[in-house]
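>>> the following block contains a protein sequence and its predicted model.
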Amino acid sequence: MDTLGNLLSSITTRIPTPTTSLPPPHAAQAQPLFPNLPLELREQIYSYVIPSYLNSESPSLSPRAGIYPNNEYAILFTNIATRIDAGLYYIRSRKTFDLWSLEARARFDQFLNWFPDNSGYASVRHLEMRRFYEEIPDRSDIPNGDMTLILRCASLRTLRLWYNGGFDRRDMSARNGKHFAVRHWTAQEIFDIFQLQRLFELENLDRVDLKWWFCWDRRSEGALLTEMEFAEKMAEVERLVRVGFEERGRDVEVRICLQ
């Protein structure tokens, strides 16, 4: 027994003491692989786990409608990096963001601002502004809120702007709350007041839709334009925008859309 004990003792003393601890089991799998997948593969995964309606004709963003996918989609809560990645995919792939109101625009702006380094704005591809006509700039060198948002979305490909014929009869004093009309705006005045020349700054734009409808404000006074007269004036607005792109060597489709 003494001989065996001495032998074991001598063997033990010869085993070197490890200078570093062994890695825990399965440490190689601790690093997530998903963020390192190619973007195309990640987006294919997102297309399965985020509702398909987001990639088609999507609901308008009314004050009661949601902007971001519902909280039930767990992948959005994996971590901040995945939430940003999936969010940018959502913005890029949505067929259009249809903003019904100034409130919806403010919420959408806040949503885009959450993403780092203006990446949210840069990911918007398609936008529709249904209240573009409502907000008249206080100064000719400052765009209205809709145009400000549009210009921040520098990678826009399609844009639809709505114009209500009833607002065409308001004088510039309408910004002070007066609703009587002094005269009708000309096509050039509409182009200048709403600073449509700023659209020429969007280098990725493929199409601009100018959508108008003939709805007069009953509080206004004065002679009405006929629907034909108003249509002719909006055709001139379309020409001003189209020619502006052509003069800059841009092949941008500009269309008139009727309500």
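Arrived safely. Residues are numbered from 1 along each chain as shown.
>>> D109 against C153, yeah?
No. If you go by C-beta atoms under 8 Å, D109 and C153 don't touch, sitting 10.2 Å apart. For every residue, glycine as well, the C-beta is placed using N, CA and C.
>>> so for these two, which sits in the more crowded spot?
Per other C-beta atoms under 10 Å, whichever of D109 and C153 has more neighbours is C153, with 23 against 16.
>>> how near is the more buried one to A231?
From C153 across to A231, the span is 29 Å (C-beta to C-beta, to the nearest Å).
>>> ditto for A81
51 Å.
>>> who's more crowded, the two?
More neighbours surround A231 than the other of A81 and A231, with 15 against 11 (other C-beta under 10 Å).
>>> and the strands in the stretch 151-259 of the chain?
Assigned by DSSP state E, counting those that start in this stretch, the strands in the stretch 151-259 of the chain fall at 158-164, 207-213, 253-258.
>>> JSON lines for those, including mean pLDDT, mean neighbour count and distance to I50?
Converted to JSON lines, these look like this (pLDDT from 0 to 100; neighbours: other C-beta atoms under 10 Å; distance: least, C-beta to C-beta, whole Å):
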{"stretch": "strand 158-164", "mean pLDDT": "92", "mean neighbour count": "20", "distance to I50": "21"}
{"stretch": "strand 207-213", "mean pLDDT": "90", "mean neighbour count": "18", "distance to I50": "26"}
{"stretch": "strand 253-258", "mean pLDDT": "90", "mean neighbour count": "14", "distance to I50": "29"}
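>>> could the ones you listed go into JSON lines alongside distance to S101?
What follows is these, written out as JSON lines (distance: least, C-beta to C-beta, whole Å):
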{"stretch": "strand 158-164", "distance to S101": "12"}
{"stretch": "strand 207-213", "distance to S101": "16"}
{"stretch": "strand 253-258", "distance to S101": "20"}
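>>> flag the shaky bits of the stretch 151-259 of the chain, pLDDT-wise.
Residue ranges of the stretch 151-259 of the chain with pLDDT under 70: 166-183, 214-225, 259.
>>> and the lengthiest helix in the chain, C-alpha only, in PDB?
Using DSSP state H, we find that the single longest helix of the chain is helix 227-247. Extracted in PDB, the C-alpha atoms of helix 227-247 (Å, rounded to 0.1, in the frame of the first residue of the first chain):
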ATOM      1  CA  GLU A 227     -63.500  71.300 -63.000                       C
ATOM      2  CA  MET A 228     -62.200  71.600 -66.500                       C
ATOM      3  CA  GLU A 229     -60.300  74.900 -65.700                       C
ATOM      4  CA  PHE A 230     -58.800  73.300 -62.600                       C
ATOM      5  CA  ALA A 231     -57.800  70.200 -64.500                       C
ATOM      6  CA  GLU A 232     -56.000  72.400 -67.100                       C
ATOM      7  CA  LYS A 233     -54.200  74.200 -64.300                       C
ATOM      8  CA  MET A 234     -53.000  71.000 -62.700                       C
ATOM      9  CA  ALA A 235     -51.800  69.800 -66.100                       C
ATOM     10  CA  GLU A 236     -49.600  72.900 -66.200                       C
ATOM     11  CA  VAL A 237     -48.300  72.100 -62.700                       C
ATOM     12  CA  GLU A 238     -47.500  68.600 -64.000                       C
ATOM     13  CA  ARG A 239     -45.700  70.200 -67.000                       C
ATOM     14  CA  LEU A 240     -43.600  72.400 -64.700                       C
ATOM     15  CA  VAL A 241     -42.400  69.500 -62.700                       C
ATOM     16  CA  ARG A 242     -41.800  67.200 -65.700                       C
ATOM     17  CA  VAL A 243     -39.900  69.900 -67.600                       C
ATOM     18  CA  GLY A 244     -37.800  70.700 -64.500                       C
ATOM     19  CA  PHE A 245     -36.600  67.000 -64.400                       C
ATOM     20  CA  GLU A 246     -36.000  67.000 -68.200                       C
ATOM     21  CA  GLU A 247     -33.900  70.200 -68.000                       C
END
